[in-house]
Structure formats: structure tokens, C-alpha cells
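**Student:** Output the structure for:
(chains A and B)
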Amino acid sequence: MTATLVFILLQTLLLLALAPLITGVIKHWKARLQNRRGPRPWQFYFDLLKYLRKDMVVSEHASWIFTAAPRVVFITSLVAGLMVPMALVPAPLSRFGDALALIGVLALGRFFLALAGLDTATTFGGMGSSREVTLSAIAEPALLLAVFTVAITTGSTDLSHMSLGTQADVWKMLDPAHVMAFAALFIVLLTETGRIPVDNPATHLELTMIHEAMILEYSGRQLALMEWGASIKQLVLMSLLVNVFFPPGIAIEATPAALAAGGLLYLGKLLGLALAVVVVETTNAKLRLFRVPDLLSAAFALATLALLSTFLFQ
Amino acid sequence: MQSFSENWLPIGLAGYVAGVVAGLLFSRNSRVANYLSFGLGAVAALVSLVACVQGLVGGEALVSQTRQLLPSLTPIIRFSIRLDPLGLFFGVIVSLLGVALSIYSLGYARSFYGHKSVGVFGALFNTLLLATTLVFLAGNAFFFLLAWEIMALSAYCLVSFEHEREDARRGGVLFFVMSHLGTACLALGFLLLFQNANSYEFDSFRALSGQLEPGRRNAAFALFLLGFGLKAGIVPLHIWLPVAHPVAPSNVSALMSGVIIKTGIYGLARVFFEFLGTPPQWWGVTVLTIGVVSAVLGVLYALMEHDLKRLLAYHSIENIGIILMGLGASMMFLQARHPLLATMALIAGLYHTMNHAVFKGLLFLGAGAVLQAAGTRNMEDLGGLIHRMPKTAMCFLLGAVAISALPPLNGFVSEWLTYQALLQGFSVTPGLIRVLFPLSGAMLALTGALAAACFVKAFGITFLAQPRSGHARQAREVSSPMLAGQGLLAAVCVLLGLAPSLFLRVLDPVGRQLAGVAARDHLVTGSGWVLSGVAAGGGTVSTAGMTILALCLCAVPLALWWLLARRARTRIGPSWDCGLKGLTPQMEYTATGFSKPIRMIFKALFRPRREVQREYDFSPYFATTVRFESHVEEIFETRIYRPLNWLVLAVSRRLRALQAGSIQAYLIYIFITLLALLFWTL
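**Tutor:** You can find the predicted model right below:
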């Protein structure tokens, strides 16, 4: 019991501390790849600290939804993070929620984020909410089908179980079902974290924003919670990808040696995935809004093929 | 020796009758009629609720016998009732909604004082509750159809209650016609069963357990699917639902969407799981497919609505689809001889039946409160109501989170169970047909996400931002009975979400009755707080655990605030207006605008059409007035029902020549018929 509590506390701290670094590293590498100097990798920590101490301006039209949304986004990201194995399986809360619960918890955060976009009575907020809920709705079938495919091959929707199932048989990583499900989930990752080619995290050009449009009216500590929450959500989804599809090296026992090795490998795999995101962001242009469904249909098609291949190769 | 539920349920039913009588007796005095009729209704529903729950939890239902409620008229028409688990479970649903809706009506009916007869309204409302309860308890096909008809007729009267409005009359008539088409199918189906059973008692149908010739069995399947499916509102038999439900008074809409359409689900479960024996695979596939199609199309059409109550009505079609996915999967598992999985899928479907009744009831009550306070159902004229009606807004938000299947509320629990059942379906079903299960799961995910999108729109446009019309600006919070009714249902949503194991005790006897296995011990672990799929090592979820954890994690933002921002000030200012002179409600996003991306993505289905007219002085970019119209095509209405309607009219026009009104012609018809019959007997 005590061990579990300590474990929960440690993973919470890891989520809080690691998420800004990954966001910062992606920003830094992206700048480097585009021949810019860019911000230092740890700049995002200073940004968060600065936001947290600032005064706030709240819109006169806003209701309590506007105040509650940053907390809901932040806390749902953390809760989801505790269901995903990071450096160690099983995840501290794998008993409280499986892959389906993780999708649900993140959707709750998105629900409040979209409501907050509408709450301030601006056009931009409404536009952002409308686009966010549309794209996430189109992404959802691909996400779920990919998760289902892995769940079918490993016999469980429990994320820790999935990770162990893949680890037990290393060749499973090369199973065509896994490869295609990974590709589908990677596209979903780009959508859910608001990356190019779906959304541009660096833009403040009003007509193309999605995520930024919803949080346009936020300032001070509420903005900090929103940004931090989005960053944690990104870390959660990335951990899900690396640990379910490339689990080798993850610690199974909580011994210091295994944890150190598992932690280092985990960090390395995360940075590898971050590099993939950076390359995609740099080599692609942002798609027009009504082209994005084509991309997501491709993800859905990949997930369907993955499913069919489990059927064919079984 | 009569059991607890057999003693108390008749008292509840008598309470409804008393409510009817009191309403009619005091119809001169609106106030007295209101309090007596709905007060008695609430008490009667409460008594029935306790009786039904006790019957299920106490285990009486499993050993119940058929009894006579009233002395029978003829040997065929017997008023037998049987308090078995399935009937009592649906009794729980109708009684629970009955309590909340009767309380709500105490406040709601005040708006009829002076220009409508509240007494008649209360009497009809109690009749509807009584008839619906009897539908679930009836043990004889005649008695069942009698209760079914009383239910349909009282519902028709209530839909058209505000008959001075044209849409209420039209909605009522459409409901009446479709409802009777369904009843005709049911009557034929029961006659088919009668031919083999030689009795109209449900007990003898049950004893038959599908020992019919295959052709006759399939015909019965088709007839019952049509008849009950019409009542449930499956696609493509749904067109009456979004027309009839919104025009009824809001408490009636809540009852119709929450409970009356569930009589269809009840009938399907009763017939397919009890009377027709082990279903062949294609029955399950058909039901599952209908479920998927209804769910996806229901939510897509809901997204296109900006009439709050029509939007909710379309969501009923979606949720009926989700329920049928559970039922269909369960039928396939029965055929594949996996009773445990069949029970789990059935429980998933029935759990969702309960959940939908609660949150849809809640949302319709919220819509009714908005309609009464702001005088319109059109979302484009609403907005900002969260400042003016905070309690209604809170209840509506809870309902919206629940219906969007978001944790930790009840919609999430039942959809989670459905996902688990679908996932297991892949591994236990042979052949390529197994791919149907994960694909249905993907469509369920699409449905859930679109429902969330739709409720962001419904809540956001109605309750948030600035009011878009004078009516919305002057809205005030509704009366306390109306708030109490909503609050009760909202509390049930939370309870069903956080403590699923409690509710599974109510559902377990139903699973044992219909699929033969008790599944609760397989579904619940961790001393009742963790829900698990039935497979070993499968996923687990604990909504209560998640909630407690989330509450503990609230310490993180609080600690950050205390450490860093204790002295930070908060200023109230205007929203960013791009340098204009302040934002006006016209600049806000509209409901139509909000769903535009979905309309564009699915334009093959919606075939959107828009007309823009501008008047301008010197340049089209500086218009003085703009008129904008946008329509989506209801494909079933234009492609199926309109041609069908036309065909029926054309045929009847031809047949009119026969009925010329001359007595000589009629005499000849009679003569020819006699001759024909003579020849036929020879």
C-alpha cells in the first residue's frame, strides 16, 4: 500500500518534471533543423514559472467553466499519465484504468477545453473548439482500432499487460499488425498534440489556429496549467507509443539497477520519438483543414489493415 | 405466500390509478389537480421503485410465478402478470423516472394554469406511467397488447397536448400512425407464436423456446424486429422520433425518450432471448449492424440540429443503437455457446438502457427548463444562461458529460462494458465475421467522440458566452420542484457512474434469467470498486478510484498557487475584440457554424444546401443586409418515405374507383364475394 503511494507520487513528479523538457527539446531541435538558434531546451520551465507568478486577466463574459477548465485539463492529463507505464511496468494505476479509460480521461479534458473556448464569447475560441472536437472525433476510430488491434494480440486492454505481452516476444515488434497500428497511432499522436501537418503549435495566425485559439483568452497561472497540461498529455501519448510498441528494456522489478537502466532507455526512446515528430514537422506543410480528414482516414485504413493482418497471420 | 414485490407493486399501480382519478375529479381547480395528481404519481412511482428493486436484489424475481392481476374475462384474455427479473428491471427504470418526472411536473404544470386543463394533463401522465409499467409486467400477449395500446394512445394525447400549435398536431399524428404500424407487426408475430403454443400466455411461449419451423421462426424474428424496432426508433424506422418527441411538453419528452422507446428494447430482449430460442448467427449480426448504423447516423443528424429538443431526440436514436450493439453481441455469443460473454454483453446493453433513461431524462428536463425560462428551443437565440440559471446549467452539464461517455459518470461505465464485450467477440467467433466486432468498436468510438462534440455545442451555445436574444437575457432560474427533479436524476447519474457494482446487483438476476449465468462476480473485483472484463488478465477500470485520485491531485495546482501566486491579482476585462468597439452577440460562434466542419466532412450524407442573398449599395463586400439559409437533406425522408408515401396515395387513388358510393355497386361486390367463397369451399 505504502509502496504504491510512493510509486504514484514518484510517477506524478516524473510526469510534471519530464513533460516540459520534451516540449522544449522538440522546439529546440525543430529550430536547429530549420537553421534557427531557437530557445534552449529548458526554456519551457522558465516560461511556466513566469506564467505562474503573473497577474491574470479574466474575460467579463466568462463563467466558472473558464476557471475550472485549466484544472480539469491539467488533472486529467496527470490521471491519464498514472495509467501509462513509464520506466516501470506495471503502471501505478493500471488497476484503476486501462487503455479505454485513458482515452476517456483525455476526452474529458478535451471536453472542458472546448467549452472554455466557447465561454469567452469570442469568435476565435468558438472556431478553435469547433475544429478541435471535429478533428478529435475523426481521429477517435483510428485510435481505438489501433488500440484494439494490440489488445487482441496481447489479450488485454490493460496498458501494462500490453507492454509485457510485447516484451515477452521481441519479434512481435516486427509483426505487420504492430507496425501498421504504430503508424496509425503516430498520425493520431500528431493530431492529438496539435502538431504539423494538423495544427501548428507555433502559430498565432488567427484563422489557422486550433489549440491556440481555444486558450487565447488565458493568462497567468491558468495559462500555465493549460500549457503544462497539454505538455503532459503529449508525454502520456508518447509514452504509450514507445512502451506499448517498443517495450524492451523497461524495468519489471523496482530494483535501483533495473530502474536506472529502464529510465535511461525510456528517455532515449522518448527522444527518438521526439526526433521523428521534429522531422515530420519540419518536412511537411500544414494541411488545409478539410484535407486533415484524408490523413485521418489513412490512419483508420492502416488500423483496419493491422486488424485484418492479425486475422490473417494468426 | 406472496413476496414483498408482489404485495407492494399492486399498491404502486393503484397509486397511479388514484392519480388519474384525482386529476379528473379536480380538473376544475388547476392548483389542487396539479398537487394531487402529480403528488400521487410521485408516491406511486416511489412505492413501485422500492418494490421492483427489492424484488431483484432479494432474489424473489428468479422464482416468481405468473399470477392474475384481475379476474379474467374469457379463457383467452387473462390479466396475468409475472414479476420476473427482466420485467422488474424495466420497472425500476420507469419507476425511477416516474419519481423524478412527477416531482418536476409539480413545477412545470404551473405554466398551464389558466389556459390548459392541468387535471387532464396529470391524468394522462399517470395513465402513461401505469400503462408502461404494465407493459413490462404483463404475462399474456393480449394483456401486453392492451397495455401497449393504452400506452400509445395516452402518449399520443400527451404529444398533441398543446394542440393549438400545428407542429404538435403533426407530430402526434405521425407518432400515431407509426406506432400502429408497429402494433400490427407485433400482433402478427404473437399470432405466429400462438399457432404453435395454442395459448397467449407468455409462459407457454417460453416453453416453446424456439421449437418452430425455421421459416416461421425467421418470420417471427422479422416481425418482432420491425414492431419493437419501430417503437425503439432504430434507423430507418426512426423518422417519427425527432418529430414527435420535441413537440410534447418537456416532462413528456423526457418520459418518451427515457422510457417509452425502451419498451421496444424490452420487447426485443423478451422475445429474442426467451421465446425464440438460441438465435442463429445472422440474427445477432443483423441486430449488431442495425445498432451500429443507428448509433452513427443518430449522432450525425443530432449534430446538424440547432433545436435543443430535436437534438436530444436524435441522440435517443444514437443511444438505442449503442444498446442494440450490446444486445446483438450477446445474441452472437449465445449462438457461439459462450454464456458468460453473452451475459456480459447483455448487461452492457441493459446498463446502457438504464443510463440512457437517466441522462436523457435529465437533459430533456433541462431543455424544458430552458424552454420555460427563455421561451425558445432554438439554440441560436440562447446563450449566457449559466449566469442566469446556474443550477439548471450544472445539472445539464452533468447530463452532457454522462451522455458523452466521459469518465467518471455512468455513460462511460456502460460503454466500457460494451467495448470489452466487443473485444472478446473477436477471439471467440470463428470466421471472417469476427472482424465485425472491432469495427463496431471503432464506430462506437466515433459515436462517442461525435456525441462529445455535439454536447460541447449544445451546452456551450445554450449556456455559455453572451445571450443571443432578449428572451435569453431575461431568463430566470426555474421553480424549485423543477430543480429537484433535475437534481435527483443528476445524482443518479453520478451514483451509477461511481458505484457500478451496486447497480450490477440489480442487473445480475436479469443476466441469469436470459443468458443463464451470473456474471457479477466476474465483473467486479477489488471489494466492489473495480470493474473488470470477464477475460483473465483483461483490463480493469475504477471510476471511483480515478475520482479520488483526481481530487487528491487537485493539491498540485493549489500548492503551486500558494507557493508562487498568492499575491497575484485577478482583473476582469473585456475579451479580445481585435480592436473593434467591443464584442456583440452577433460575433459569437453559432450552433450552425460550430458543426460546419462535420457538415463538410460528411457532405455525401448531408447534401448541404445553402442560399445567401445580399443587398448592397456599391460593393458586394459591404452588404447592407444578408439573408443566409442552410439546409441538410434528411436522406431517409426524401429517398424512402416520400416515394413510399406517394406510392400509397397513388394506389389508394386507383382503389377509390371501387368505392363509388352507389348501393348497386356494393350489392354486386357482396354477391361476387359470396360466389367466390362458395366456389372456394366446393
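
**Student:** Could you list the low-pLDDT ranges of chain A?
**Tutor:** A:314 (pLDDT under 70).

**Student:** Excluding sequence neighbours, find me the nearest residue to B:G91.
**Tutor:** B:C52 (4.0 Å; C-beta to C-beta, 6 or more residues apart in numbering or on different chains). Heads up, the C-betas are built off the backbone N, CA and C, glycines and all.

**Student:** Please state the offset of the helix or strand hosting the one you found from the chain centre?
**Tutor:** Assigned by DSSP states H and E, B:C52 falls within helix B:30-57. Computed by C-alpha atoms, centre = their mean, to the nearest Å, the chain-centroid distance of helix B:30-57 equals 21 Å.

**Student:** ok, now stretch B:565-585?
**Tutor:** That offset, for stretch B:565-585, works out to 42 Å (C-alpha atoms, centre = their mean).

**Student:** Just the buried positions in it, please.
**Tutor:** By 16 or more other C-beta atoms under 10 Å in any protein chain shown, the buried positions in stretch B:565-585 come out as B:565, B:575-576, B:583, B:585.

**Student:** what's the answer for stretch B:217-227, then?
**Tutor:** Residues B:217, B:220-221, B:223-227 are the ones in stretch B:217-227 that count as buried (16+ other C-beta under 10 Å).

**Student:** Stretch B:290-305 now?
**Tutor:** Applying a neighbour-count criterion of 16+ other C-beta under 10 Å, one finds B:290-305 buried in stretch B:290-305.

**Student:** Please apply the same query to stretch A:103-119.
**Tutor:** In stretch A:103-119, counting by 16+ other C-beta under 10 Å, buried: A:103-119.

**Student:** now swap in stretch B:546-554 and tell me
**Tutor:** For stretch B:546-554, the buried set under the neighbour-count rule, 16+ other C-beta under 10 Å, comprises B:546-547, B:549-550, B:553.

**Student:** could you pull out the helices for chain A?
**Tutor:** A:2-33, A:43-53, A:64-83, A:99-119, A:123-154, A:159-168, A:176-192, A:211-214, A:220-245, A:256-283, A:292-312 (DSSP state H).

**Student:** go on, the stretch 501-650 of chain B?
**Tutor:** With DSSP state H, counting those that start in this stretch as the criterion, the stretch 501-650 of chain B has helices at B:520-523, B:543-553, B:555-564, B:591-594, B:596-601, B:603-606, B:635-636, B:642-655.

**Student:** Point out the most buried one among those.
**Tutor:** The highest mean neighbour count among the helices of the stretch 501-650 of chain B, using mean count of other C-beta atoms under 10 Å in any protein chain shown, belongs to helix B:591-594: a mean of 22.

**Student:** Where does pLDDT dip in chain B?
**Tutor:** Residues of chain B that meet the cut-off, pLDDT under 70, sit at B:1-2, B:535-537.

**Student:** 50 - rerun?
**Tutor:** Scanning chain B for pLDDT under 50 picks out the ranges B:1.

**Student:** Just the closest residue of it to chain A, please.
**Tutor:** Going by C-beta to the nearest C-beta, chain A is nearest to B:Y589 of chain B, at 2.5 Å.

**Student:** Pull out the buried residues from the helix holding B:C52.
**Tutor:** For helix B:30-57, burial by neighbour count (16+ other C-beta under 10 Å) applies to B:30, B:32-56.

**Student:** Sitting in helices, which of the buried residues of stretch B:217-227 do you find?
**Tutor:** Reading helices off these with DSSP H, I get B:217, B:220-221, B:223-227.

**Student:** What residue in the stretch 1-150 of chain A comes nearest to chain B?
**Tutor:** For the stretch 1-150 of chain A, C-beta to the nearest C-beta, closest residue to chain B: A:G126, 2.5 Å.

**Student:** so who does that residue touch?
**Tutor:** A:117-118, B:460, B:588-589, B:593-594 (C-beta atoms under 8 Å, 6 or more residues apart in numbering or on different chains).

**Student:** Can you report how many residues lie near the nearest residue to B:N126 once chain neighbours are set aside?
**Tutor:** With sequence-adjacent residues excluded and distances taken as C-beta to C-beta, 6+ apart, B:N126 is closest to B:G19, at 3.6 Å. Using other C-beta atoms under 10 Å in any protein chain shown, B:G19 is surrounded by 28 other residues.

**Student:** Check what contacts stretch A:269-281 and list those residues.
**Tutor:** With C-beta under 8 Å, 6+ apart, stretch A:269-281 has contacts from A:18, A:22, A:25-26, A:29-30, A:33, A:186, A:189-190, A:195-197, A:235, A:238-239, A:241-242, A:246.

**Student:** Buried ones only from these, please, as a PyMOL command.
**Tutor:** Written as a PyMOL command, the selection of buried residues from those, which uses 16+ other C-beta under 10 Å, is:
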select buried, chain A and resi 18+22+25+26+29+30+186+189+190+195+196+197+235+238+239+241+242+246
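
**Student:** Phi, psi for whatever residue of the stretch 151-300 of chain A ends up closest to chain B please.
**Tutor:** The stretch 151-300 of chain A approaches chain B most closely through A:T157 (3.3 Å), counting by C-beta to the nearest C-beta. Here the main-chain torsion angles of A:T157 (degrees, to the nearest 10) amount to phi -90, psi 0.

**Student:** Look up how far A:G165 lies from it.
**Tutor:** Applying C-beta to C-beta, to the nearest Å, the value for A:T157 to A:G165 is 11 Å.

**Student:** how about residue 47, what does it touch?
**Tutor:** Picked chain A for this. A:E227.

**Student:** wrong one, I was asking about chain B
**Tutor:** B:8, B:11-12, B:15.
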